[in-house]
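>>> give me a model of this one.
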Amino acid sequence: MVSGSEKRPPRLRAVSGKYAVLGFRSTHDTILAESRATQRGCVAEVIPQPPGRTGRCGVALRIDAADLNELTEIFVRGGLAGFDVTQG
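Modelled structure (predicted):
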């Protein structure tokens, strides 16, 4: 039994067929963005940096494209504004 003081983590939604890949300035920013996304119940996965991208930390964050606008707003308000987006 879960007490009132313990909260269950939000249930993750299923991934749609479309996704977005976000490239951050540092690994720390990528991991922080993943944490913030999953706290909101969004699907987020740290992946190797896609080929052809340079000047980033070597990893990226893959999210469901349906969550892009919501997460962009959350990341910018949280000080993670220095990222680029590629949609697939």
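>>> helices of this protein, residue ranges please.
For the chain, the helices defined by DSSP state H occupy 27-39, 68-77.
>>> could these go into JSON lines alongside distance to residue 87, mean neighbour count and mean pLDDT?
C-beta: built from backbone N, CA, C; applies to glycine. Listed next are these as JSON lines, based on distance: least, Cβ to Cβ, whole Å; neighbours: other Cβ atoms under 10 Å; pLDDT from 0 to 100:
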{"stretch": "helix 27-39", "distance to residue 87": "16", "mean neighbour count": "17", "mean pLDDT": "96"}
{"stretch": "helix 68-77", "distance to residue 87": "8", "mean neighbour count": "15", "mean pLDDT": "95"}
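>>> nearest to residue 88, of those?
Between residue 88 and the helices of the chain, the shortest separation by Cβ to Cβ is 11.5 Å, and it involves helix 68-77.
>>> chain center to the closest one: distance?
Here the centre of helix 68-77 is set off from its chain's centre by 9 Å, with Cα atoms, centre = their mean, to the nearest Å.
>>> the inter-axis angle of it versus helix 27-39?
130 degrees (axes from the mean of the first three to the mean of the last three Cα atoms, to 10 degrees).
>>> quick one: contacts of helix 68-77?
20, 22, 33, 36-37, 40, 42, 44, 63, 81, 83, 85, 87 (Cβ atoms under 8 Å, 6 or more residues apart in numbering).
>>> give me the low-pLDDT residue ranges for the protein?
1-16, 54-55 (pLDDT under 70).
>>> can you show me the strands along it?
19-24, 44-48, 59-64, 83-87 (DSSP state E).
>>> could I get those as JSON lines with distance to residue 75 and mean neighbour count?
Shown next, in JSON lines, are those (distance: least, Cβ to Cβ, whole Å; neighbours: other Cβ atoms under 10 Å):
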{"stretch": "strand 19-24", "distance to residue 75": "8", "mean neighbour count": "21"}
{"stretch": "strand 44-48", "distance to residue 75": "11", "mean neighbour count": "14"}
{"stretch": "strand 59-64", "distance to residue 75": "9", "mean neighbour count": "22"}
{"stretch": "strand 83-87", "distance to residue 75": "7", "mean neighbour count": "14"}
